[in-house]
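Asks: Make a model of this:
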Amino acid sequence: MNAAQWDRLKAAGKVGTVEETPRAHAEGGAPRCAAEVERELPRERESPRCGSSRPRGATVKRANEERRLAIVLQGIAPALVAPLWRVRRLRDLRVDVRGEIADVLGSEAASRGLGEDETPNAYGVELGELFDALAL
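Replies: This next block holds a predicted model:
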């Protein structure tokens with residue numbers, strides 16, 4: 001997602017409407033994983049890259065990870081969303097920024113990513129996948 005796409009989502013009221021806000025939780029709302037929120041977002045048509053040696057699926061998967069991470073971070077640490085749009089891949093983020101994102105994801109997983117039986121819920125599994133995508 002680039003800045004223009006982000007601006008369109010913001011103008012459409014899709015950004016900041018994730019139910020992972022502290023107010024929603026104070027009122028008893030359960031966190032929604034980014035995959036649920038992403039299904040509600042408008043889809044862009046993606047065309048294969050000409051002359052790319054990388055399979056198209058890898059590019060789409062990477063874009064989805066970045067989009068999912070942006071959705072989750074928007075609810076828990078909005079200041080960390082901006083660096084995502086400055087790089088092509090999550091691995092291109094500076095190590096200290098990736099470390100800060102990993103700390104935030106870990107804290108979030110510990111506080112809301114576990115079910116009552118101490119096993120990861122859907123949100124916790126997603127946070128784990130996003131942590132893995134940071135490649136630390």
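Asks: Need phi/psi at Pro120.
Replies: phi -60, psi 130 (degrees, to the nearest 10).
Asks: Quick check: it vs Phe131, distance?
Replies: To Phe131, Pro120 is 11 Å away according to C-beta to C-beta, to the nearest Å. (C-beta placed from N, C-alpha, C; glycine too.)
Asks: Any figure for the gap between the nearest residue to Leu130 once chain neighbours are set aside and Glu116?
Replies: The shortest distance from Leu130 to any non-neighbouring residue, by C-beta to C-beta, 6 or more residues apart in numbering, is to Leu69 (5.1 Å). Distance from Leu69 to Glu116, counting by C-beta to C-beta: 27 Å.
Asks: Around Arg112, count how many other residues there are.
Replies: By the measure other C-beta atoms under 10 Å, the count of residues near Arg112 is 16.
Asks: ok, it to Leu69 distance?
Replies: Taking C-beta to C-beta, one finds Arg112 at 16 Å from Leu69.
Asks: repeat for Val87
Replies: Counting by C-beta to C-beta, the gap from Val87 to Leu69 is 12 Å.
Asks: Between these two, which is the more surrounded one?
Replies: Leu69 (24 against 13).
Asks: quick check: mean pLDDT across the strand or helix carrying the more buried one?
Replies: Element membership for Leu69 (DSSP states H and E) is helix 56-76. Helix 56-76 shows a mean pLDDT of 80.
Asks: rewinding a little: surely the residue nearest to Leu130 is in contact with Leu84?
Replies: Yes: counting by C-beta atoms under 8 Å, Leu69 touches Leu84, with 6.6 Å between them.
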